[in-house]
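> give the three-dimensional model of this entry:
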Amino acid sequence: MTNLKPRLDHEHVRSLLKDMIRIRRFEDKCAELYTQQKIRGFLHLYDGEEAIAAGIIPLLSAQDRVVATYREHGHALARGIPMGSILAEMFGKAEGCAGGRGGSMHLFSRDHRFYGGNAIVGGGLPMAVGLALADRLSPTDDTVTACFSGEGAAAEGEFHESLNLAALWQLPVMFVCENNGYAMGTALHLSESQTDISAKAACYGIQSEAVDGMDIVAVEVAARRALNYIAKTGKPYFLECRTYRFRAHSMFDAQLYRSKEEIAEWRKKGPILRFQTWLQDSGLVHADEVSKIIVSIDEEIAEAVAFAEAGTDEPVQSLTRFVTSPDRPAPPVPAPPGPMMKTTYREAVKAAIVDAMTRDPGVFLMGEDVGHYGGCYAVSKGLLDQFGPDRIRDTPLSESGFTGAGIGAAIAGMRPIVELMTVNFSLLALDQILNTAATLRHMSNNQFGVPVVIRMATGAGKQLAAQHSHSLEGWYAHIPGLRVLAPATMDDARGMLWTALQDPDPVLIFENVMLYNREGDIAANAGAVDIDRAAIRRVGTDVSLITYGGSLFKTLDAADQLANDGISAEVIDLRCLRPLDMPTIIASVTKTRRAVIVDEGWKSGSLSAEIGMRLAEDAFYELDAPLARVCSEEVPIPYAQHLEQAAIPQTAKIVATVKHLMGATP
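I've put the predicted structure just below:
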């Protein structure tokens with residue numbers, strides 16, 4: 001964009017005024033419909049902030065991307081999403097822009113490259129970084145991502161992590177802060193030591209400015225300047241629009257934190273009143289023309305209301321549709337094994353990454369110390385030299401920021417592998433994993449998928465103490481929308497990654513720290529494996545031992561010892577923790593009539609509890625003995641070796657549990 005100054009001719013100023021009035025009158029109707037309980041839940045109105053959406057979004061090209069906030073009706077309207085589709089979404093109707101699954105705070109439109117509002121303050125910022133990263137990695141793409149957030153987001157870690165990444169990687173993001181003075185009910189000066197939000201952005205070396213967000217001409221000029229800068233440099237730009245919301249934070253808000261006099265004073269400076277008065281005083285627009293604009297907008301609103309009220313409810317039978325993609329590829333057919341060779345689990349994972357990156361230029365690895373350091377567990381050692389810094393991408397220690405960026409890049413069509421150094425660190429990224437990756441497909445009504453793969457080390461045994469040693473994969477297996485894998489064998493370490501990268505939904509891979517040095521045989525031509533099914537690692541007739549990951553080989557050792565005592569144990573390697581392959585588990589238990597579940601997670605609320613309950617529900621009458629399980633002790637993992645070993649499942653405890661179950665003397 002080279003034209004930095006708008007042409008304030010009649011057509012343009014009329015368009016600016018109409019866009020603002022359209023947003024205002026639509027939301028006035030929404031407030032009315034809310035009092036009639038036709039719109040439910042939260043309703044956050046944009047009243048007073050219209051100059052920002054109307055002054056910025058029309059400048060974007062059709063290929064540019066928009067990431068909004070939960071106060072996004074104005075953004076959606078300015079982007080061109082049909083009003084009827086927006087209102088139907090707010091009514092929760094199937095004809096809504098997200099099929100009634102998102103509601104007021106989550107408007108989506110793939111056709112308009114509108115990636116939705118985000119009810120988590122600051123939650124959309126990392127996604128915007130990832131969308132822009134995907135565009136940066138496409139050499140011919142000059143797309144801009146416009147990311148809107150409120151000033152409250154400036155207090156969130158994701159704000160700072162995202163700005164740092166955008167500046168560090170020189171990404172084409174236009175960050176727009178809609179500073180309305182109040183993060184819900186707390187004035188900015190009461191929550192921030194530095195109230196100049198643009199100054200915060202400048203600290204990251206980002207070109208930034210503050211503008212009067214109540215002046216639509218000033219907003220448009222600033223946006224043109226920002227877009228021109230991004231087009232010339234490819235770098236991010238931060239625009240703080242200082243505005244004011246005339247209505248409450250949401251329709252639930254009693255507004256006890258500010259006076260009526262304050263609101264009234266700001267209303268005198270409202271963007272519509274201000275611009276319309278100037279236009280009429282200047283003779284650019286006449287009062288009768290404004291009246292005609294209002295009439296046409298009211299007609300559109302009436303049509304939108306009629307459309308929404310005539311909308312249909314999605315059938316309850318389709319409740320679980322689009323939790324995951326309906327278009328998953330068929331499981332791979334394994335090739336006949338070739339000559340065998342020795343390898344380690346670490347090298348098998350590394351070979352999987354090399355294979356994936358060689359096959360698909362859209363695959364890249366990002367995470368803490370994956371490049372120059374070679375990975376905390378040396379999995380990616382040497383890959384930086386092989387594939388370069390764009391595809392082996394070192395990140396700051398900002399788990400939420402770079403995980404969210406990986407999610408955004410996946411939404412845009414890339415195939416990122418995000419490495420979190422350890423499962424404990426993943427909790428810093430839980431917001432992005434749970435609230436974005438796992439929910440986006442269902443909430444957007446299948447408009448956006450998140451084909452990201454997130455790898456992390458899990459488990460105990462290396463005397464790393466509590467904050468580096470827990471097994472939390474069962475927590476993630478609780479979350480709909482995720483696929484959770486726990487490769488234990490060489491074949492799975494080598495083959496699961498490629499299959500996961502073909503999956504249209506987010507896949508989490510948990511690699512037990514005690515397996516990295518393990519040696520074993522693998523076919524030289526080993527390839528992708530089925531990630532939908534559990535595997536029978538040992539056939540038996542007396543008891544089913546159900547386990548996964550780092551506990552597999554302890555369980556196999558236990559089965560060997562039990563065999564010496566005449567007990568035939570069948571060992572099931574779950575491999576996929578979500579979804580569980582219950583048919584394989586039930587078939588085994590139906591045969592053996594007994595089950596012991598070995599789980600390195602804690603017993604309370606564990607994956608073993610889930611499996612046990614499902615067996616009780618679906619195979620109770622097949623059991624000849626009570627269900628049993630071996631889990632970690634209910635204690636943070638200690639440092640001292642003897643205590644650490646006592647805290648986690650061990651072969652001897654598995655053997656004793658089985659013998660007790662069989663009625664033998666432990």
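> neighbours of Thr358, just the number please.
Thr358 is flanked by 11 other residues according to other Cβ atoms under 10 Å. C-betas here are computed from N, CA, C, even on glycine.
> next one: the one 3 residues further on
Pro361 is surrounded by 12 other residues when neighbours are defined as other Cβ under 10 Å.
> and it, how far is that from Ala656?
The gap separating Pro361 from Ala656 is 52 Å, by Cβ to Cβ, to the nearest Å.
> same question, Leu163
In terms of Cβ to Cβ, Leu163 sits 55 Å off from Ala656.
> repeat that for Arg359.
Separation of Arg359 from Ala656 (Cβ to Cβ) stands at 47 Å.
> these two: who's more crowded?
A direct count of neighbours by other Cβ under 10 Å for Arg359 and Ala656 places Ala656 higher, at 16 against 12.
> what's whichever strand or helix holds that one in contact with?
If you go by DSSP states H and E, Ala656 is part of helix 651-661. Helix 651-661 is contacted by residues 543, 545, 554-555, 557-558, 561-562, 565, 567, 569, 594, 596, 598, 625-626, 628-630, 665-666 when judged by Cβ atoms under 8 Å, 6 or more residues apart in numbering.
> can you rerun that using 6 Å?
Applying Cβ atoms under 6 Å, 6 or more residues apart in numbering, the contact partners of helix 651-661 are 543, 554-555, 557-558, 561-562, 594, 596, 598, 625, 628, 630, 666.
> stretch 491-499 now?
345, 348-349, 351-352, 356, 485, 487, 526-529, 531.
> which one of those residues has the most neighbours?
Greatest neighbour count in the contacts of stretch 491-499, by other Cβ under 10 Å, goes to Pro487: 30 neighbours.
> any idea how far Gly92 is from it?
Taken as Cβ to Cβ, the span from Pro487 to Gly92 is 41 Å.
> how about Ile411?
The spacing between Ile411 and Gly92, counted by Cβ to Cβ, is 24 Å.
> pick out whichever of those two has more residues nearby.
Ranked by neighbour count (other Cβ under 10 Å), Ile411 and Gly92 place Ile411 first, with 25 against 22.
> I figured the more buried one hits Phe448, correct?
Yes. Using Cβ atoms under 6 Å, Ile411 is in contact with Phe448, at 5.4 Å.
> skipping its backbone neighbours, what lies nearest Gly48 in space?
Leaving aside its sequence neighbours, Gly48 sits nearest to Phe246 (Cβ to Cβ, 6 or more residues apart in numbering; 4.1 Å).
> helix, strand or coil for that neighbour?
Put simply, Phe246 is coil when judged by DSSP: H, G, I helix; E, B strand; the rest coil.
> that one: neighbouring residues, count only.
Per other Cβ under 10 Å, the neighbour tally for Phe246 reads 17.
> got it, and the one 5 residues further on?
Residues within reach of Met251, counting by other Cβ under 10 Å, total 18.
> residue contacts, it?
Contacts for Met251 (Cβ under 6 Å, 6+ apart) come out as Tyr34, Leu43.
> that one and Arg415, how far apart?
Met251 is 41 Å from Arg415, where distance means Cβ to Cβ.
> can you give me the helices in the stretch 1-150 of the chain?
Per DSSP state H, counting those that start in this stretch, the stretch 1-150 of the chain carries helices over the ranges 10-35, 50-56, 73-79, 83-90, 124-136.
> okay if I get those as CSV plus mean pLDDT, mean neighbour count and distance to Arg537?
Converted to CSV, the helices of the stretch 1-150 of the chain look like this (pLDDT from 0 to 100; neighbours: other Cβ atoms under 10 Å; distance: least, Cβ to Cβ, whole Å):
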stretch, mean pLDDT, mean neighbour count, distance to Arg537
helix 10-35, 96, 19, 57
helix 50-56, 98, 29, 57
helix 73-79, 97, 25, 52
helix 83-90, 98, 25, 48
helix 124-136, 97, 30, 38
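> can I get those in JSON lines including distance to His44?
Formatted as JSON lines, the helices of the stretch 1-150 of the chain follow (distance: least, Cβ to Cβ, whole Å):
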{"stretch": "helix 10-35", "distance to His44": "10"}
{"stretch": "helix 50-56", "distance to His44": "13"}
{"stretch": "helix 73-79", "distance to His44": "8"}
{"stretch": "helix 83-90", "distance to His44": "11"}
{"stretch": "helix 124-136", "distance to His44": "14"}
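> okay, strands next: where are they in the stretch 551-666 of the chain?
Ranges of strands in the stretch 551-666 of the chain, per DSSP state E, counting those that start in this stretch, are 569-573, 576-578, 595-602, 628-632.
> Asp281: which of those strands is closest?
strand 576-578 (63.4 Å; Cβ to Cβ).
> would you confirm that Gly185 contacts Arg258?
No. Contact criterion Cβ under 6 Å: Gly185 and Arg258 do not qualify, at 8.3 Å.
> for whichever strand or helix holds Glu178, what is the distance to the chain centroid?
Taking DSSP H and E as the definition, Glu178 sits inside strand 173-179. With Cα atoms, centre = their mean, to the nearest Å as the basis, strand 173-179 stands 20 Å off its chain's centre.
> how about stretch 390-405?
Its chain's C-alpha centre and that of stretch 390-405 lie 14 Å apart, by Cα atoms, centre = their mean.
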